[in-house]
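**Student:** sequence and predicted structure below; questions after.
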Amino acid sequence: MSDVNSEAPTVALMDQLPDASIQGQSPLFHADLATVAKKGPKTGGVVFKEQALMGQITLRLNAENAEQLKAAEKVLGVSLPTQPLTSVESGDVSVRWISPDEWLIIVPGLKAFDVESALHAALSGHYQVVNVSGGWTVFMLSGKNARDVLQKSAPVDVHPAAFPVGKVVTTVFAKSSAIIRRAGDDQYELVVRRSFADYLWLWLQDASREYGLVVEA
Amino acid sequence: MFYIYCPYCGEHREEEEFHNHGQAHIERPKDPDSCTDEEWGNYMFFRKNPKGLHHEIWVHAAGCRKFFNVTRHTVTYEIKEVYKMGEQPKVVAE
Amino acid sequence: MQQYSGFGLLKHSLSHHENWQRVWRNPTPKKKYDVIIIGGGGHGLATAYYLAKEHGITNVAVIEKGYLGGGNTARNTTIVRSNYLWDESAHLYEHAMKLWEGLSQDLNYNVMFSQRGCLNLGHTLQDMRDIERRVNANRLNGIDGEVLDAKQVSEIVPILDCSDNARYPVMGASWQPRAGVARHDAVAWGYARGADMRGVDLIQQTEVVDLIIEDGTILGVKTDRYGDIMADRVGSVVAGNSSVVAAMAGFELPLESHPLQALVSEPIKPILDTVVMSNHVHGYASQSDKGDLVIGAGIDSYTGYGQRGSYPTIEHTVQAIVEMFPIFSRVRMNRQWGGIVDTCPDACPIISKTPVKNLFFNCGWGTGGFKATPGSGNVFAASLAKGEMHELAEPFSMFRFHNGALIDEHGAAGVAH
Amino acid sequence: MSQKNRLQSGGRIDRSKPLTFTYNGKQYQGFAGDTLASALLANGVDLIGRSFKYSRPRGIVAAGAEEPNAIMQLGATEATQVPNVRATQQELFAGLVSGSTNGWPSVDTDIMGLVGKVGGKMMPPGFYYKTFMYPQSMWETYEKVIRKAAGLGRSPREYDVDIYDKMNQHCDVMVVGAGPAGLTAALAAARGGARVIIADEQNEFGGSLLSSKETLDGKAASAWVADVVKELEANENVIVLPRSTVNGYHDHNFLTIHERRTEHLADRAPNGAVRARYHRVRAKWVVLATGAHERPLVFGNNDVPGCMVANAVSTYISRYGVVPGRELVLMTTNDSAYQTALDWHDAGRKVQAIVDTRKNPAGKLIDAARERGITVMTGSAVIDVQGSKRVSGVSVAPISEDGTKVTGSVKKLSADTVASSGGWSPVIHLSCHTGSKPIWNEEVLGFLPGKTVQKQLTAGAINGTFTTAGALEEGKKAGLEALEKMGKDLPSMDVPATESVTYGKSMALFHVPHTKPTSQAPKQFVDYQNDVTAAGIELACREGFESIEHVKRYTAMGFGTDQGKLGNINGMAVAAKVLNQSIPETGTTIFRPNYTPITFGAIAGRDCKELFDPERYSAMHKWHLEHGAKFEDVGQWKRPWYFPKAGESMQQALDRECLATRESVGILDASTLGKIDIQGKDAREFLGRVYSNAWAKLGVGRCRYGLMLKEDGMIFDDGVTSCLAENHFLMTTTSGGAATVLNWLELYHQTEWPELDVYFTSVTDHWATMTISGPNSRKLLEELTDADVSKESFSFMDWKPMTVAGVPARVFRISFTGELSFEINVQANYGLHVWEKLFEHGEKYNLTPYGTETMHILRAEKGFIIAGQDTDGSVHPYDLGMGWAVSMNKPFSFIGKRGMQREDCVRAERKQMVGIKTLDPNVVLPEGAQAVFDPTASIPMPMVGHISSSYWSATLGRSIALGFVKGGLEKMGEKVYYPLADGRVVEAEICSPIFLDPKGERQNV
C-alpha cells in the first residue's frame, strides 16, 4: 500500500455540469410534466411535482468526530442532524440523516459542485463526499390524500404521531425504495433513484387515481 | 412478518426492509492459508442451526444499510434482543 | 394379509366396512433392533420399507415424535420430477422416478401418482440457456425432456399468459412429460403399511431425546416414552430437525432450517392439467385431483422451526401466479401453511456416514424432498443394510463440504418446489 | 312464488328496495339488506347444491362464515365470474347472477346423485387409496373421472376487469370483530387516545346484537350499536372497517384485513373503483373479539335440506325477516338455542317440539318455551330425519344420560325444518395462526385460545363468555388493558346495562346415537362440504388413523373452504369416542390463514401487469425506443438487445452491428453496469481483499479488470475498477450484480474489517455510460473533445477527465470488444445529450448502435467471459484459464484464495473453459449443448462439459463457441462431440477461446 502523498489530491473532483447552454434532462423529462400540468386537473387530493435537476451529495463521516461535524457545519450553514431519522434545512440547503455515518445533502443543482468542493476543502481524516446528482430525483407529493398514497406504497408508519414534520426514512416504496421526508403538514418529499423514476411515476399515478392527481410543473 | 428494531435507526421497521444473513459470530479465520480443508469447510458451511435461541445477522437493507445482530427464538419467532456488530448477546441459551 | 382392490371394497361395503384391518399396528418397542430409523416421514418410512422388502432386515423400528408422515410429507406441493442438471442428482432423482412409476402396485396402495408433465418456464435468455443445458443433460442421462418455445408452451397450457406484454414474457420452457404429482399423505401411509406388514415396528408419538454413543459408535437412542432402545445402526431422517439430532451426536451439519410456505386455492373445476413452474417470476402451480390449485411459495430467508413464514413471501408468490395466470385473479386462496426445510449450501441432499460410527444421516433435501421419497428411502436402506453407502448416495456425503465436491443444483431448485 | 317465507315486518332489510337476482337461470326477488342466502330462503329455495362425493342434495345450514353448503358461482359475465362464493356472506344486489356449483345436468335432477346412492357404500374414506391401481395404465383414465367430479365452482376464462390495492396500517389497538365485546374494546381504547382499527366481516357492525332482542341501557341493541359506531367514526384516530375480514394473524402482531369495497354493489366494481382493499396492519395490541359459531349436532341424514344450525334460523328470522320453513323441530344440548324456537313461534309458525338431550333442563328460556305451549321433549334426541330434497319428518328417541345410546322407542314427528345446537365453538382461528395451540375447556365444551407470545387480548364469546353482559364487560376490560400496557391514561367507561341472562349447564353431546351402530345407521354428517360422516371417522380410527391429523387427512375433514368451522370439533368428538379418550387427548385443531378465502387478485394488489416488477431505464431509454430497439430483461433493467432495421432478421441485424463495430464504430449503452464510488485510505487494501488480483500498485489514472470470488473460490462477479485518485476508486460490476456486490462489500467491511477506513457509495444511476468501440472511435471522440486522446497520451487501460460534447466526462480506455474503445461517463442528466451528439458526428463513420447480443458476440470473439453466463457458481479463475487474474502472493489471504485450493478444486480433469469450433463452420451450436468424448456410448452417456456461449461470428464468417470440457485446457486441438436433441451429433474441435486478434493489437492502437 502506497503512502498518501500530501501533494497529490487523494480524491478526484470534477465539476460535472456543462455550461448553461446545454439543458439537462431529469429522469421524468420525457413524461413532459409541463404539458400534463397544463392539460390535467387543477384540483385533487394529491399534488405531484418533480423537483428536477437538484444537486444531491452523499456525505459520509464519523458522527463522533467533532472536528468533522464542525467542518461540515461550516460549509452547510447548519449542523449535520446526528439524531437518527431527522433532517435539517437552512435556506436552499437541506440535509437528511441516512445512516449513522451518512447524510444526503440537497442543494440547487448549480450549487452542487461548490458544496462538494467546499466539503472536500473543509474535511479531513476519513470521510467521503460523492456528487450523486444524476442518480436521484426528487418527487414532491402533497395534498390531503398524500398520506394515503404513502400508505399504499410504503410499509413505514406515516401517521403524524409517528412521522412528524422533518422526519426522514429510507424505506421500501412499492417494489423500489425511496427516502421519504415529511416536508410539511401534507407535504412529503420522495428522493428516488433515477432508473426507477418511471416505474414510481407510473405507480404514483395509479395510487393517486381515486383521489384525483394534480401535476404541477 | 417480523417487526425488527433497527439499533441504528432507533425504531421498529417491517421485515421487508431487512435481509437475513444467517448465524452471527462466525469469525473469518485469521490465517485462512493454514486452515485444513475441514476447518475451512466448517467456517464456510457448517452451522448451529438451533431450534430455540439463535444469534443471527440482519442488515437494514432498504434502510440505513447497517448490519447488526439479533437474538431470536426460532420456534416462537420472538426477538429477544438486538445488538450492534462487535457486541455480545445478553440473552443466551442455557 | 389384507390386499386392497376394487373387489375388496365391494366385499367390505356389504359388511358396512366394519371389518377392515388396521393399516399398521401400534406396537410397544423391543429393547433392541438391527436398525432404528429416527423420523417417520416419507423418507424414513420408505427406508424402513425397502430395508424389509429388499434387504430382508425386518427387525427395524421407526421412531416418530408426532404422527406418521406429519412433517414435510404432509406439507409439500406434491411435485415429482427428475430433470436435474448434474449427473449425481439426475441419477438419484431418476432412480426415484422409476420407483414412482410402479409404486402404487408395489405398495398395493394407490399413491395417485399422476404423470401429467411439468413445465419449467424460461423468461430470460439466460433461463433459456439453462433450460437447454439441463434438458440436453437430461436426455443424455436417459431422462425425458424437451425444450419448448413459447407457442408450444401455450398449446400445453392455454391459460398461461404467453403474450409479449407480460413483464417477463415466457420465452419457452423445459418439458418433462413423465413428471407429475402424487397424493402426498398416501405415500407415507403406503410405505408405513408396507413396512408394518413386513414386521417393522412403527413407534409414533415417541421422541428421541438423546443418542447413546460410546467410543464414537452409536449404540441406541433415548426416547421420552420408552426409555433406551438399542440398535446396531441408526439412520436419522428428520429433515428440518436434522441439526437438532446432529447436536445430540455432537457435530454440526452444513444445514439451515428455513420456513417454506405453500398455499391452496378453493377447489375449482379442472383447468390446469400440468405442473407449471417459473424460477424467474417465482411461483409454481398445479391442480390437485380435488380441484385445489396447489401453489408453492419461496423459502423465507431466516431459519425457523415454527412451520410458518412471513407474509410478503405469500404476497410475492400470489403476484407471480396472477402474473402467469391472470384469469386466477378472481379465484380465491383458501389456506396457507409452512414446512421446515433443511437446506444445504449446494441445494443437494446429504445421504451420508457421519463422524459417529453406525450413525447415518439422510437430510438436506431442502425444497426437493418429496419427489425423491422412493429413491431416497431405497438408497438409504441399501446403505444402512450394508453399512456402506449405495453408489447413488456416495456423492452426497456430508464431507463434500470439506473437500469442495459440491453439486450445485440451485438452478434446478430455484424457486422452492 | 314470491318470497313465501318472508315475514311482513321485522328484520334489518329494506322492503322498499326490492332487488331482482338470478339463481340457476331463474329470476327471484329479495330486498336490500338481504344476503344471497336469506333471499333464497325467503323464496323457498331449499336445494342449493349437491355434495361432491355422494352428490346428495344440500341446503343452507348456517348464516355466516361457517356455511359449508351454499357455495355459489357468481358473475353475470365471463370476466366477472367468482367461484365458491358463500351465499351467506354475499350481500344481495340488483342483477346478481348466481348458480349452484355442483349437480349434473342440474342441481334438481342430478344423475350423479344416483351414483352416490348406489356407489356411496363403496366410497368410505380413503377408498381411492385402495383401488384404481390395476392395471397400472388405467390410472390416468380413472383420474380424469375423479377430477371431473371434484372442484366446486369454476375459474373465469377471461382476465379480471377489476383492480385491488393495499394499505399499510399501523395502530395501537386492532380490534377484530365488532360485536358487543369488540365494540366496547374499541370504545375504551379510542377514548383512551389510542389509534384503533376495528374490523368486522359483516356489512354492519353489531355482531350478535344485530339479531338480538335484548335491550342495552334500555334501548334496542341496534340503537346502542349505532351510537357506538357514530362515536368511533367521529374519532380521527379510529379506522372503522365493515365488510372487512381479518383473515390472517402473523408474527409480531401483523394482521391482514380483506376489505370488500364493491362486492355488495355489483358484479364489476363501478367506475374503476377498487374491488377489494387489503390492509396490512401492524398493531401494538390485538383484541380478538371474534365470537363463536354454533355447532350443529351429528345425527342421521342431518344433511337433508331443512337441517340447520339453530342460531342461523334465529338470524334469518330476526335479521332478515325470513322464516325458512313451516314446522320446526329444535334439538339442543343447551339453553341458548331455545331462543330459536321462541323466534320461530313468535313469527307465527309452528314449533313441533323442542327436543332437549338433557334430562332436566331448567331456566328462563325453557320456561318461556313452555309458557308458549311448545312441547319440550327432554332426555331425547332427533336420531334421524326423513326426506330427500327437504326434511319431511324426524325420528325422535330417548337417549341415555351420557348420550351414547338410544334407550327407548322411536317416535316420528312431522317437520320441514330441524334446527340443532350442540353448543358454541369459540372462533379461535386467528389466535392459532401464529402457532399457539388452543386449549380444551370442559365448561365451555370448546377450545379456547391458548398461550401466545403475541400481544393479544381476547374478549367475549371467544373466551366462552356467551352472554351479552359478559361480552360487553370483557371488551371494556381488554380495551383498557391494552391502554394500560401501552402506558396510556385510562378513561372512565361504563358498559350499558343489560337484562340478566344465565344459562343452565349444557350437555357434552356431539354425535347423537342411533338405534343402529354408526356404520349401519343413516349417514351422519360431520363435515358437509367434504362428505365426512361419523362412520367414516370411526372407520379411519379402526384402520389405525388415530392421530386427529391422520383422521382429518384420511377423511378430508376440515379441508373444505369452510375449514371445518362447523365440523371439526364434532369430528374430534367422534374420534375421541371411538378411541376411548378425551377430546384434548385426541388432539387440538390447528387453523391456518385464511380465516375465509381471499381472492388472489386482492393478495396481489397493484403489483401486477405493468406494475408487477419495476422496469429500470437508462437515461437514453427513450432514444432506444424511438430507434426500434428490441429489449432484453437484465435483472430489472430493460437493455437494448439489438436494433433491427426495417425488414431485417435478428441475425441480419447482429451481423450488421458486429461488422460496423469491427470495421468502423459502434456504440453501446452501458449505463446499467453497477458502479460504486470507493474512498478512504484503505480502499486499495480493501480491493486487494475482495478481488483475486493485485491492486497495490495500480496508479492514478489507470484501470484494471478484477474477478470477485466467494469464500469457496468460485467467481460471482467481475468488472473494471479504476483508480481516480490515490484514495479514490470507481468499481464497476455486472448489471445484474450491482446490489449484491455493494452488499458484499458492506458485509465484509462492517462485520470483518471495520478497522479499514473505506466508504462505499453506489453511483450506478448517477453516471450515464456509453461505449464507442471500433477503429474509428478515436476519430469520432476527437470531434467532440479538445482533450488529447491519442495513443501516446491516452493509452489502453487509462482513464481521463475531459469534456465530451460540452459535457464534463470521465472517459475510460477499456475494451470489452477487443477494439479501440472509449467508455464515456457523464452525469446522467446529460447522457442523452452526449449520446445524440455522438450520433450527429458519427453519421459519417456509420456509427451503429448495438445491444447486448452484439456485445456478447464481440466479446466472445475475444474469449471474454460473461459472469453468470460462462460461470455458474461452480467455476474458479483457473477453470477459466484466468490464472493471470489471481495473485497468490498478496499478503492478505483474499476472499476465495483458500476456497479454490480445496482438494476438489485442484484436482485434474476439472471442467475448464475453452474455445469450441464446430467442424462445419456453418453450424452454430445451441448454448447449453452437452459435450461428450464418445458419441457412440450408450445412455447414460458420460458428459464432459457444455457450451456456455455460442454465436455466428460475421467477422470470422463462422460459428464460434465458448464451453467447458473436462481437462479442456490440456486438450487443444482434440475432438469433442455435441449430441443434440434433434438427433444431430455436432463434431467440434477444442481451441483457444480467443478467436480474434489473440495478441490484442486492435484495442491497443
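**Tutor:** Looks like it arrived, so ask away. Numbering: from 1, shown residues only, chains lettered A, B, ... in the order given.
**Student:** every contact and neighbour count from this point should use C-alpha atoms.
**Tutor:** OK.
**Student:** now stretch D:991-1005: average pLDDT?
**Tutor:** Taken as a whole, stretch D:991-1005 has a mean pLDDT of 95.
**Student:** please read the previous query as pertaining to stretch C:4-12.
**Tutor:** On average, stretch C:4-12 scores 89.
**Student:** same question for stretch B:78-90.
**Tutor:** 97.
**Student:** gap between the two ends of it?
**Tutor:** 15 Å (Cα to Cα, to the nearest Å).
**Student:** and what of stretch C:78-90?
**Tutor:** Taking Cα to Cα as the criterion, the two ends of stretch C:78-90 lie 18 Å apart.
**Student:** list the contacts of that stretch.
**Tutor:** Residues outside stretch C:78-90 that contact it (Cα atoms under 8 Å, 6 or more residues apart in numbering or on different chains): C:93-94, C:96-97, C:118, C:133-135, C:137-138, C:141, C:143-145, C:176, C:178-184, C:275, C:348, C:370-372, C:392, C:395, C:407-409, C:411-412, C:417.
**Student:** quick one: residue D:852 and residue D:642 touch, right?
**Tutor:** Yes. Contact status for residue D:852 versus residue D:642: in contact at 6.8 Å, counting by Cα atoms under 8 Å.
**Student:** which of the two has more residues huddled nearby?
**Tutor:** residue D:642 (24 against 18; other Cα atoms under 10 Å in any protein chain shown).
**Student:** in contact with the more buried one, which residues?
**Tutor:** So residue D:642 contacts D:629-631, D:650, D:653-654, D:850-854 (Cα under 8 Å, 6+ apart).
**Student:** near chain B, which of those residues show up?
**Tutor:** Contacts with chain B within the contacts of residue D:642, counted by Cα under 8 Å from any Cα of the partner chain: none were found.
**Student:** name the nearest of those relative to chain B.
**Tutor:** Using Cα to the nearest Cα, residue D:631 is the member of the contacts of residue D:642 that lies nearest chain B, at 28.2 Å.
**Student:** how many residues are close by the closest one?
**Tutor:** There are 17 residues near residue D:631, going by other Cα under 10 Å.
**Student:** quick check: residues of chain B near chain D?
**Tutor:** B:1-3, B:27-28, B:31-33, B:37, B:40, B:44, B:66-67, B:76-78, B:85-86.
**Student:** repeat the analysis, applying 7 Å as the threshold.
**Tutor:** B:1-3, B:32-33, B:37, B:67, B:85 (Cα under 7 Å from any Cα of the partner chain).
**Student:** phi first, then psi, for residue C:338.
**Tutor:** Dihedral pair for residue C:338: phi -140, psi 150, per degrees, to the nearest 10.
**Student:** that one: how many residues sit nearby?
**Tutor:** With other Cα under 10 Å as criterion, residue C:338 counts 24.
**Student:** list the ones among the residues of chain B next to chain D that fall in strands.
**Tutor:** Judged by DSSP state E, strands contain the following of those: B:3, B:67.
**Student:** so which of the residues of chain B next to chain D is surrounded by the most neighbours?
**Tutor:** residue B:67 leads the residues of chain B next to chain D on contacts (other Cα under 10 Å) with 26 neighbours.
**Student:** is any part of stretch C:187-195 close to chain D?
**Tutor:** No. Stretch C:187-195 is not in contact with chain D by Cα under 7 Å from any Cα; minimum separation 8.6 Å.
**Student:** figure out how far that stretch is from the centre of its chain.
**Tutor:** In terms of Cα atoms, centre = their mean, to the nearest Å, the centre of stretch C:187-195 is set 14 Å apart from its chain centre.
**Student:** over to stretch D:83-90?
**Tutor:** 21 Å.
**Student:** now do the contacts for residue C:141.
**Tutor:** D:939-941 (Cα atoms under 7 Å, 6 or more residues apart in numbering or on different chains).
**Student:** restricted to helices, list the contacts of stretch C:78-90.
**Tutor:** Of the contacts of stretch C:78-90, the ones assigned to helices by DSSP state H are C:93-94, C:96-97, C:133-135, C:137-138, C:184, C:411-412.
**Student:** next, give me the two most distant ones among these.
**Tutor:** C:133 and C:184 (30.3 Å; Cα to Cα).
**Student:** hey, what's residue 169 bridged with?
**Tutor:** By default, I'm working from chain A. On the basis of DSSP bridges, residue A:169 is bridged to residue A:180.
**Student:** correction: the question concerned chain D.
**Tutor:** Here residue D:169, judged by DSSP bridges, has bridge partners residue D:281.
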